[in-house]
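Enquirer: my questions concern the predicted model and sequence given below.
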Amino acid sequence: MFAACRDSFLKDIRMNSSRNFRLGSLLILAAMGLAGCGRGQQPAPPPPAVTVAKPQQQSVVDYDEYVGRFVAVDSVEVRARVSGALESVHFKDGQTVKKGDLLFTIDRRPFQNTLDQARANLLLAKSNLTYAQTDLARAQQLLHDKAISEQVYDQRVQAQRNAEASVAASEAAARQAELDLQFTEVRAPVAGRIGDRRVSPGNLVASGAGATTLLATIVSVDPIRFEFTFDEASLLRYNRLAKSGSVETSGLTLPVKLKLIDEQDFVHDGRMDFVDNVIDRSTGTIRGRAVFANPNGLFIPGMFARLQIAASPPREALMVPDAAIGTDQTRKFVYVVGPDNTVKQSYVKLGPLVGDMRAIDEGLKPDDQVVVNGLMRVRPGAKVTPQQQGASPAPVAEK
């Protein structure tokens, strides 16, 4: 009897649990249905807004770029021209000097003594010449009176000539002694920036063909030259450009621009002044040279820089912002919005960069609407909401 009561109780529990589960499920479904009726279907998002603009027409020039180094117009090694003890130095290492400035002084005393001796020998030679001239004058009168022989007269003529030669030799020795005395003051042969001194005062300096002492070096600063190399095809192109008259030039003195390694733009103006007369057979290149003003000493010999040369005559081109150009593997493209506000991909051929604008040589028409802002929100074939660049945005309707 106890087992029958237990089975009846468990059966009632299972029936009540199943009934409660079905009732809960029905209540949940009813609640979801009521919530869905109040919300309705979500509307599709509007086409993304992008900024468009027509290409600008502008005169542009193609440029070639080269890497090269600055070289000084004048580079001089200052060496001693006479031997002696270095007495003093009259400059600071690295300072700018003018032509003729005193740099070094060598002990003058031995050369002053040599000069005094040469001048004394000159006076002696002139005295002997005066006596020989007087003696010859007397001999002429005696020969006229038949008081001396012609042989004696010829001897006195020879004595005068010897005296004249002695005077000339003494004058040359005196001039050389004066030069040696001047060379004890070593002066700057050119204007420019001097390096550090190589010899300290008190040391002996030597002059001569094989043992000349190097005292310092001087390089000119303003103007300064820039040397670079370019290929044979570029040489032909520059020659034709210069002869065409499309660029203001004389010969191959084309205008050039330059930028240093820490500069973004080519801001320094110069001009080519030399092209070598042979092409290097091993590299197929030729050496060129440009000259730049350098009043502030910004350019230093040996410094690297990039050079820009005009490689074509000026021409009209369509310009778009460089940021509006995309890359598809190896090809460049821009997004163009059609009359139905559909985006298409137009592949283009790029020209030179002018500031932040890029010239387009092929692939674009003057009336195309190019996407210049919002490129990440568009895809080819998608609809967009174009907004002209510079125009005020359209008002947004309130919901």
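Expert: Happy to help now that I have it. Fair warning: this is a prediction, and the values are worked out from it, not measured in the lab.
Enquirer: look up phi and psi at Lys257.
Expert: Per-residue torsions, Lys257: phi -130, psi 160 (degrees, to the nearest 10).
Enquirer: per the record, what domains does the protein have?
Expert: 50-58+316-388, 63-72+224-310, 108-182 (automatic domain parsing).
Enquirer: got those as a markdown table, with mean pLDDT, mean neighbour count and distance to Ser200 columns?
Expert: Glycine gets a C-beta too; all of them are placed from N, C-alpha and C. Compiled in a markdown table, the domains of the chain are given as follows (pLDDT from 0 to 100; neighbours: other CB atoms under 10 Å; distance: least, CB to CB, whole Å):
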| stretch | mean pLDDT | mean neighbour count | distance to Ser200 |
| --- | --- | --- | --- |
| domain 50-58+316-388 | 87 | 16 | 54 |
| domain 63-72+224-310 | 87 | 15 | 26 |
| domain 108-182 | 90 | 15 | 19 |
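Enquirer: Serialize those domains to CSV and add fields for distance to Ala211.
Expert: Formatted as CSV, these follow (distance: least, CB to CB, whole Å):
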stretch, distance to Ala211
domain 50-58+316-388, 57
domain 63-72+224-310, 26
domain 108-182, 17
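Enquirer: nearest to Asp101, of these?
Expert: domain 108-182 (14.9 Å; CB to CB).
Enquirer: which among the domains of the chain is found nearest to Gly94?
Expert: domain 63-72+224-310 (10.9 Å).
Enquirer: now do the closest one: distance from first to last residue.
Expert: End-to-end distance for domain 63-72+224-310, by CA to CA, to the nearest Å: 5 Å.
Enquirer: next: stretch 57-73.
Expert: Counting by CA to CA, you get 42 Å between the two ends of stretch 57-73.
Enquirer: now do that stretch: distance to the chain's middle.
Expert: 9 Å (CA atoms, centre = their mean, to the nearest Å).
Enquirer: what do you get for stretch 233-242?
Expert: Centroid separation between stretch 233-242 and its chain, computed with CA atoms, centre = their mean, is 21 Å.
Enquirer: also stretch 97-115?
Expert: The answer for stretch 97-115 is 39 Å, by CA atoms, centre = their mean.
Enquirer: what segments of this structure are helices?
Expert: 2-39, 109-144, 150-183, 232-244 (DSSP state H).
Enquirer: rewinding a little: of the domains of the chain, which is nearest Leu204?
Expert: The closest of the domains of the chain to Leu204 is domain 108-182. By CB to CB, the value is 12.2 Å.
Enquirer: chain center to the closest one: distance?
Expert: On CA atoms, centre = their mean, the centre of domain 108-182 falls 64 Å from the chain's centre.
Enquirer: and if you look at stretch 214-226?
Expert: Relative to the chain's own centre, stretch 214-226 is displaced by 17 Å; criterion: CA atoms, centre = their mean.
Enquirer: again with stretch 229-238
Expert: 19 Å.
Enquirer: go on, stretch 373-383?
Expert: How far stretch 373-383 lies from its chain's middle: 41 Å, per CA atoms, centre = their mean.
Enquirer: gap between the two ends of stretch 345-361?
Expert: Terminal residues of stretch 345-361 lie 16 Å apart, using CA to CA.
Enquirer: contacts for that stretch?
Expert: Here stretch 345-361 makes contact (CB atoms under 8 Å, 6 or more residues apart in numbering) with 55-56, 58, 60-63, 317-323, 325, 328, 331-336, 362-364, 368, 380.
Enquirer: how does it look with 6 Å?
Expert: Here stretch 345-361 makes contact (CB atoms under 6 Å, 6 or more residues apart in numbering) with 60, 62-63, 317-319, 322, 331-334, 336, 362-364, 380.
Enquirer: for stretch 112-123, same thing?
Expert: Here stretch 112-123 makes contact (CB under 6 Å, 6+ apart) with Ser170, Glu171, Ala173, Ala174, Ala177, Glu178, Leu181.
Enquirer: can you put these in TSV and add distance to Thr51?
Expert: Listed next are those as TSV, based on distance: CB to CB, whole Å:
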residue	distance to Thr51
Ser170	94
Glu171	90
Ala173	90
Ala174	88
Ala177	86
Glu178	82
Leu181	81
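Enquirer: go through these and say which is closest to Gln389.
Expert: Ranked by distance to Gln389 (CB to CB), the contacts of stretch 112-123 are led by Leu181 at 78.7 Å.
Enquirer: you'd agree that closest one is up against Phe111?
Expert: Yes. Assessed by CB atoms under 6 Å, Leu181 is found in contact with Phe111 at 4.4 Å.
Enquirer: now His387: how far from Val50?
Expert: No, residue 387 isn't His; it's Gln. Noted for Gln387: a distance of 7 Å to Val50, by CB to CB, to the nearest Å.
Enquirer: with Ile300 instead?
Expert: Using CB to CB, we find Ile300 at a distance of 49 Å from Val50.
Enquirer: ok, now Phe299?
Expert: Phe299 sits 46 Å away from Val50, going by CB to CB.
Enquirer: Val67 now?
Expert: Going from Val67 to Val50 by CB to CB gives 40 Å.
Enquirer: what of Ser282?
Expert: When distance is defined by CB to CB, Ser282 is 54 Å away from Val50.
Enquirer: go ahead and confirm Val73 touches Val219.
Expert: No. Using CB under 6 Å, Val73 is not in contact with Val219; the gap is 8.6 Å.
Enquirer: between the two, which is the more surrounded one?
Expert: Counted by other CB atoms under 10 Å, Val73 and Val219 do not tie: Val219 has more neighbours, with 19 against 16.
Enquirer: that one touches Ala191, doesn't it?
Expert: No. Taking CB under 6 Å as the definition, Val219 is not a contact partner of Ala191, at 10.3 Å.
Enquirer: so who does Glu171 touch?
Expert: Counting by CB under 6 Å, 6+ apart, Glu171 touches Leu122.
Enquirer: list the contacts of Asp276.
Expert: Ile286, Arg287.
Enquirer: Leu260 now?
Expert: Leu260 is in contact with Ala305, counting by CB under 6 Å, 6+ apart.
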